[in-house]
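Novice: sharing a sequence plus its predicted fold:
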Amino acid sequence: MAGKAIRTVIRSSTSKILYTVRDKKGKFEDIQSYARAHRADLAASAKSETSAKSTAAVAKKAAVKKPAAKKPAAAKKPAAKKPAAK
């Protein structure tokens, strides 16, 4: 089948959602469960997205991090003197 296959949604006798691919004559060429096909669709990345992500990752690594500003040290209070016991 040339080009991208078009999937249609049908339900099985047990009410499971299925994707079906038909040939030019209308016969079923492939049947996939919706859950499995959907997971595969989510896992796959488009070529344009993959190249954009890799470009962004390279740019992020190349960026120089600024040193963190130092916080001023807290001033210590002198310890309170206890009266001597007699």
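Specialist: Thanks, I have it. Keep in mind it's a predicted model, so treat the numbers as computed, not measured. Numbers count the residues shown, from 1 in each chain.

Novice: which parts of this protein are helices?
Specialist: 34-43, 47-62 (DSSP state H).

Novice: pull the CA atoms of the shortest one into PDB?
Specialist: Right, the one you point to is helix 34-43. What follows is helix 34-43, C-alpha atoms only, in PDB (Å, rounded to 0.1, in the frame of the first residue of the first chain):
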ATOM      1  CA  TYR A  34      -6.600   0.600  19.600                       C
ATOM      2  CA  ALA A  35      -4.600   0.500  22.800                       C
ATOM      3  CA  ARG A  36      -1.600  -1.100  21.200                       C
ATOM      4  CA  ALA A  37      -1.700   1.200  18.100                       C
ATOM      5  CA  HIS A  38      -2.200   4.300  20.200                       C
ATOM      6  CA  ARG A  39       0.800   3.500  22.500                       C
ATOM      7  CA  ALA A  40       2.900   3.100  19.300                       C
ATOM      8  CA  ASP A  41       1.700   6.400  17.900                       C
ATOM      9  CA  LEU A  42       2.600   8.200  21.200                       C
ATOM     10  CA  ALA A  43       6.000   6.600  21.300                       C
END
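
Novice: rank the helices of the chain by pLDDT, which is bottom?
Specialist: If you rank the helices of the chain by mean pLDDT, helix 47-62 sits at the bottom with a mean of 68.

Novice: so Ile17 sits right up against Val9, yeah?
Specialist: Yes: applying Cβ atoms under 8 Å as the test, Ile17 and Val9 come out as touching, 6.1 Å apart. For every residue, glycine as well, the C-beta is placed using N, CA and C.
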